[in-house]
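Student: got a sequence here, can you model it:
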Amino acid sequence: MTSSPELPSRLSGTEHAGRGLSVFDDNCNSGDAAQHTFDAKTEKGLAEPLAHLEDKRRTAAIMRRLDIRILPVAALLYFFSFVDRTAIGNSKVAGMDKDLGLTEGQYELALSCFFITYAMLEVPSNLCLRRFGARKWLPLTALPWGLLMILTGTVQDYRGLIVCRTLLGVFEAGIAPGLALMLSLVYPQSAIQLRIALFFAAASLGGAFGGLLAYGLSKIQTVGFDGWRWIFTIEGILTMLSAIPAYCFLCNGLEDAKGISDDDRAYMKERIIHDGSQGGVIEVKFKVQYIWDAFKDFKVYILACIFGLTAVPAVTFALTLPVLLNTSFGYDHIKSQLMTVPVYLLAVVGVILFACLSDRHQARILYYIIAMTIALIGCLISFKSDDPKVRYAGSFLAVPGVFAAAPCHIALGSQNLAHKTKRGTGLAILMTFSAIVPTTSSALFPTNEAPRYPTGHKVCISCGVLGIAFAIAYGYALKWENDKKRQMRESGEAERLTREELIDLGDKSPYFVYRF
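Tutor: Now for the predicted structure:
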């Protein structure tokens, strides 16, 4: 392990590192990083790494207590977010399009209009969360989106469906970036991808049990209220009920997290600072500059492109898998929905497995490339074969692959964006791209191309290849930035920066090392 990049002694001051910044070893894993902090007590102005930070058992015990309170609720919210946005696919299979007299183009527009408002409001929503806190903001958004699901079950025509889907995108916009930001403020960076993956795995469970739920609800037949209407209504009621545990157990940060003592709270704050979950820099106060820093950072847009390209196959399969099974096998809508369940259950395993490996080896890009390669193989199998059973087998690679790749982007963004405000804005930008790009995904699998759907498979394969190419470019961009920072330290240019300038620079600081 090489020595840490040292801060000049003249920059030492009276403020503790918890209010300033910490510096990481250039080549070590973030979980075991050797770090130095501003501290006036040391002769050189640098504090030695805190011995208690090596107490991995204590860290693990505290994280377990946080996990059992925060993660189930975060997963529950994201589960209903995914189930609700994709319920329209199961509802179509259950006869919604026939009851409302939808044309193929009208159905595709109903799918796409959700993602338009969803994409437009992700950044503003995360800024609202920055102002009001996750504990209030996230449950507050769950109530109206649950109500909109109920109203969707009562629509009588195409126009009503469009209005409900558009407004649903408004209120669901803040869930994914908000949960990601909240987790980054509570957990050390070396453990962040597993936590993100656990709530992302809820999307896979949503794909599995959304089909099961749709199977049961679609069998309910009452006068004037068909089974597809019950899908929207019951899921909307359950979503509104999920706001209650969200308010009780979510937190704004470690300062109000439940289930840990004040000593544990203070310990974890130090652990997070030294581990890099705060990006090496603690945001002393809100500055509009930090918002613009995210918008001006070219690396954010590279990562956003990766996320967007990954989202195309992920969203496409989520919205169309029941329909693909229906047209490929000729099964009725109930059996088609049931056949999606094992695919998504395998995706849950894949998401968690890849997150554990990525956290252990601190190699986000490597495991993204592996996951996307698996997904590409699955897409190729589905595309090239004329046998419906082989095409179905391909989905067991394609769906788990793209779902396992998704948390890598969030972890990379969280790890390499300093300041709470810049990180929140940057994460929202990533997810905005992931919502914008798939707005046309519903048009990739038109019914007249059944059962092979060449257009859809070609686009998904192309997006996967481009995603891998962008990931490699992102890794080289971070390496280039790290080399520039090393040159600044070695030339002495970094020593001319004041403490305030270093804090404002955030992840641009010559003492901050990007990890990938």
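
Student: next up, the contacts around the residue nearest to the spatial centre of the chain.
Tutor: The C-alpha lying nearest the average C-alpha coordinate of the chain belongs to residue 410 (Cα atoms, centre = their mean; 5.1 Å). By Cβ atoms under 8 Å, 6 or more residues apart in numbering, the contact set of residue 410 is 180, 193, 196, 200, 427, 430. Yep, even glycine has a C-beta here, placed from its N, CA and C like the rest.

Student: which SSE is the nearest residue to residue 506 once chain neighbours are set aside in?
Tutor: Nearest residue to residue 506, sequence neighbours excluded (Cβ to Cβ, 6 or more residues apart in numbering): residue 418, at 3.5 Å. Secondary structure assignment for residue 418, by DSSP states H and E: no helix or strand.

Student: any idea how far residue 71 is from residue 418?
Tutor: Using Cβ to Cβ, to the nearest Å, residue 418 is found at 25 Å from residue 71.

Student: quick one: which of those two has more around it?
Tutor: residue 418 (26 against 20; other Cβ atoms under 10 Å).

Student: can you pull out the strands in the chain?
Tutor: 22-24, 35-38, 46-47 (DSSP state E).

Student: output the below-cut-off pLDDT ranges for the stretch 201-350 of the chain.
Tutor: 211, 223-224, 274-284, 318-320, 322-323, 327-334, 337 (pLDDT under 70).

Student: with respect to residue 143, which of the contacts of residue 410 is nearest?
Tutor: residue 180 (21.1 Å; Cβ to Cβ).

Student: for that closest one, give its distance to residue 82.
Tutor: Residue 180 is 15 Å from residue 82, by Cβ to Cβ.

Student: more neighbours: which of these two?
Tutor: residue 180 (28 against 22).

Student: need the per-residue pLDDT for that one.
Tutor: At residue 180, the pLDDT value in this model is 89.

Student: OK, contacts around it?
Tutor: By Cβ under 8 Å, 6+ apart, the neighbours of residue 180 are 196, 410, 413, 414, 427, 431.

Student: the last one: how many residues sit nearby?
Tutor: Using other Cβ under 10 Å as the criterion, residue 431 is surrounded by 30 other residues.

Student: how about it, what does it touch?
Tutor: 122, 176, 177, 180, 307 are the contacts of residue 431 under Cβ under 8 Å, 6+ apart.

Student: re the thing from before, pLDDT check: weakest of the contacts of residue 410?
Tutor: Out of the contacts of residue 410, that is residue 200, at 81.

Student: once you drop chain neighbours, what's closest to it?
Tutor: Nearest to residue 200 is residue 407, by Cβ to Cβ, 6+ apart, at 5.0 Å.

Student: the residue nearest to residue 506 against residue 503, yeah?
Tutor: No - counting by Cβ atoms under 8 Å, residue 418 does not reach residue 503; the two are 9.1 Å apart.

Student: rebuild the contacts of residue 410 as TSV, extending it with distance to residue 338.
Tutor: Formatted as TSV, the contacts of residue 410 follow (distance: Cβ to Cβ, whole Å):
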residue	distance to residue 338
180	32
193	31
196	29
200	23
427	35
430	34
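
Student: closest to residue 290 out of these?
Tutor: Of all the contacts of residue 410, residue 427 has the smallest distance to residue 290: 13.0 Å, by Cβ to Cβ.

Student: and the closest one, how far is that from residue 108?
Tutor: 29 Å.

Student: list the buried ones in stretch 134-147?
Tutor: The neighbour-count check on stretch 134-147 (16 or more other Cβ atoms under 10 Å) flags 134-147 as buried.

Student: could you do stretch 62-76 as well?
Tutor: Result for stretch 62-76 [16+ other Cβ under 10 Å]: buried residues 62, 63, 66, 67, 69, 70, 71, 73, 74, 75, 76.

Student: in TSV, list the residues you listed along with pLDDT and distance to residue 358.
Tutor: As requested, those are exported to TSV (pLDDT from 0 to 100; distance: Cβ to Cβ, whole Å):
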residue	pLDDT	distance to residue 358
62	91	22
63	92	17
66	94	20
67	93	18
69	92	24
70	94	20
71	93	17
73	94	24
74	93	19
75	91	19
76	92	24
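
Student: among those residues, which lie within helices?
Tutor: Of these, the ones assigned to helices by DSSP state H are 62, 63, 66, 67, 69, 70, 71, 73, 74, 75, 76.

Student: closest one to residue 400 out of those residues, please.
Tutor: Closest to residue 400, out of all of those and judged by Cβ to Cβ, is residue 75, at 17.6 Å.

Student: I'd guessed that closest one sits against residue 201; true?
Tutor: Yes - applying Cβ under 8 Å, one finds residue 75 in contact with residue 201, separated by 7.1 Å.

Student: returning to what we had before: which of residue 427 and residue 108 has more neighbours?
Tutor: Legend: neighbour count by other Cβ under 10 Å for residue 427 and residue 108, higher for residue 427 (30 against 19).

Student: distance of the more buried one relative to residue 410?
Tutor: Counting by Cβ to Cβ - residue 427 and residue 410 are separated by 7 Å.
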